[in-house]
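S.K.: Please find the sequence and the predicted model below.
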Amino acid sequence: MVFILAISEGGVSMIRKLLYKAKARRALIQAFRSAGLFFKNAKDRPVYPIIHDVHINEDDESLRYVFTLLNGMDPKEVAKKKYVFRQHFGRHLELKGDLKRYVLTIYSEAMTEELAYVAQEIAEAVQKHGLGIICGKDRLGRYVSFDMRKQPHILIAGETGSGKSTQLRSILTTLIRTKKPSELQLYLGDCKKSEFHIFRNVEHVQCVLSSAKDIAKMLRHIKKELDERSNLTEVFEVSHVDDLPAAQRRPYLVVCIDEFVMLRKNEEIMEILTEVVAIGRTLGVFAVLSMQRPNAQVLDTTIRANLTVSMGFKLRDKMEARIVNTPGAEALEVSGRFIMNSNKIYEIQAPYLTIDKAKALLDPYIVSKGPVKEVTPEPAATKLTEEDVFFDVIDEKR
Ligand SMILES: Nc1ncnc2c1ncn2[C@@H]1O[C@H](COP(=O)(O)OP(=O)(O)OP(=O)(O)O)[C@@H](O)[C@H]1O
């Protein structure tokens with residue numbers, strides 16, 4: 001008798017995966033044996049650490065093992081024998097764990113250690129999005145980007161020197177180069193007074209402010225925009241500002257605040273920021289917030305829950321990485337490397353955009369502002385100064 005076994009394509013790939021996993025499991029046991037990580041049982045048979053999971057990640061073509069040591073096994077031996085795992089699985093591996101539980105990840109390729117900001121390539125990478133945010137390249141050398149209209153608010157965290165200001169520079173420069181000023185307006189808060197000066201005279205940029213008092217004013221203006229946009233969507237019975245009639249369309253607003261922890265004591269600021277992240281998406285108002293020392297109180301649950309994308313550059317410890325929702329960010333060792341959390345978690349190398357290169361790329365978008373406004377032809381006539389932006393906000397001191 002002949003049996004014909006009909007297996008679907010999905011079934012075949014499932015079987016292949018299972019066979020691959022079984023092979024992978026045997027490979028790890030061999031590595032345990034070479035590393036001397038086993039005990040002998042009563043029958044003189046070797047007993048190895050327990051392998052709980054063998055996972056193939058198709059996104060970055062990695063293989064991840066989770067295993068625990070048997071009681072009595074010395075964790076120092078695992079660290080000492082890392083070279084044995086390298087001999088078995090190649091150089092591109094990561095071994096993380098402590099007392100008992102370990103995660104061993106094996107990658108097919110090493111990640112690039114520096115990624116130049118290539119303007120043309122990056123513009124192409126984000127062009128498929130309505131409001132494209134460039135992140136960097138993943139382990140397989142693919143650009144990673146996303147649409148801020150769908151994933152609206154970003155948290156960037158990292159200790160000093162980890163690369164978050166460079167990332168902000170690259171995100172903002174890319175936005176400016178890919179959207180017209182009629183489509184995008186930027187409101188920048190520079191609490192450290194160090195990063196955003198290069199954007200001050202860019203046409204899209206409505207203001208660059210650094211004191212809490214000024215930033216509060218800026219946010220009152222944003223709050224007014226939120227209210228107006230909310231009314232408009234109600235009047236025209238649409239669920240998103242993008243669906244308003246052409247005459248009523250509003251540009252996207254991106255509020256970007258570097259080191260926003262410095263504003264934590266200003267309740268009004270925190271309240272409006274909370275509102276932006278809670279309701280901004282459908283109103284076309286988005287936030288990018290950066291912080292050096294993640295703090296659970298500042299990132300209260302409402303703000304954190306609505307920051308849909310987290311980029312965790314090198315952080316001090318696991319606790320900070322947990323606050324930012326980027327596990328593993330405490331172990332990063334390369335400048336410009338970060339853990340991204342947006343639905344899934346993965347490691348990315350950010351483009352390296354120096355201040356000088358950013359200035360050169362922004363040059364075509366620079367306009368005269370302030371006192372020289374009147375003598376500048378056409379674009380400046382519609383260009384707002386910071387005074388214009390806040391004319392409608394009551395300043396108690398006036
Ligand atoms: N994407 C990158 N690729 C390679 N090197 C980078 C990258 N980003 C930053 N660096 C290196 O790290 C240094 C510090 O970067 P950056 O100023 O962005 O850090 P930071 O986290 O903003 O620090 P601070 O909080 O002190 O401003 C840079 O001068 C550069 O040498």
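M.R.: Here it is on my side, so go on.
S.K.: in the chain, what secondary structure element scores lowest on mean pLDDT?
M.R.: helix 379-382 (a mean of 39; mean pLDDT, DSSP states H and E).
S.K.: Pick out the residue in this protein sitting closest to the ligand.
M.R.: Minimum separation of the chain from the ligand (Cβ to the nearest ligand atom) falls at residue 336, amounting to 2.3 Å. Yep, even glycine has a C-beta here, placed from its N, CA and C like the rest.
S.K.: excluding its backbone neighbours, what's nearest residue 103?
M.R.: Distances taken as Cβ to Cβ, 6 or more residues apart in numbering place residue 96 nearest to residue 103, at 5.0 Å, with adjacent residues excluded.
S.K.: and the gap between that neighbour and residue 60?
M.R.: Between residue 96 and residue 60 the computed distance is 16 Å (Cβ to Cβ, to the nearest Å).
S.K.: Between the two, tell me which one has more neighbours.
M.R.: For the pair residue 96 and residue 60, the greater number of neighbours falls to residue 60 (17 against 12), based on other Cβ atoms under 10 Å.
S.K.: Now for the nearest residue to that one once chain neighbours are set aside, how many residues are close by?
M.R.: The shortest distance from residue 60 to any non-neighbouring residue, by Cβ to Cβ, 6+ apart, is to residue 139 (4.5 Å). Other residues within reach of residue 139, judged by other Cβ under 10 Å, total 21.
S.K.: you'd agree residue 139 is up against residue 109?
M.R.: Yes - in terms of Cβ atoms under 8 Å, residue 139 counts as a neighbour of residue 109; the distance is 6.2 Å.
S.K.: which SSE is residue 272 in?
M.R.: Element membership of residue 272, judged by DSSP states H and E, is helix 267-283.
S.K.: still on that earlier bit, shared neighbours of residue 139 and residue 109, anything?
M.R.: Contact criterion Cβ atoms under 8 Å, 6 or more residues apart in numbering; residues bridging residue 139 and residue 109 by contacting each: residue 61.
S.K.: Where does the nearest residue to residue 279 once chain neighbours are set aside sit: helix, strand or coil?
M.R.: Of all residues not flanking residue 279 in the chain, residue 226 sits nearest, at 6.6 Å (Cβ to Cβ, 6+ apart). Recorded secondary structure, residue 226: helix (DSSP: H, G, I helix; E, B strand; the rest coil).
S.K.: what's around the residue of the chain closest to the ligand, how many residues?
M.R.: Here the number of neighbours of residue 336 (other Cβ under 10 Å) works out to 25.
S.K.: per-residue pLDDT, it?
M.R.: pLDDT for residue 336: 96.
S.K.: what does residue 375 give?
M.R.: 33.
S.K.: ok, now the one 3 residues further on?
M.R.: The predicted structure scores residue 378 at 37 on the pLDDT scale.
S.K.: Beta-bridge partners for the spatially most central residue of the chain, please?
M.R.: Centrality entry for the chain: nearest residue to the mean C-alpha point is residue 311, 3.1 Å, by Cα atoms, centre = their mean. Bridge pairing for residue 311 (DSSP bridges) gives the partners residue 156, residue 340.
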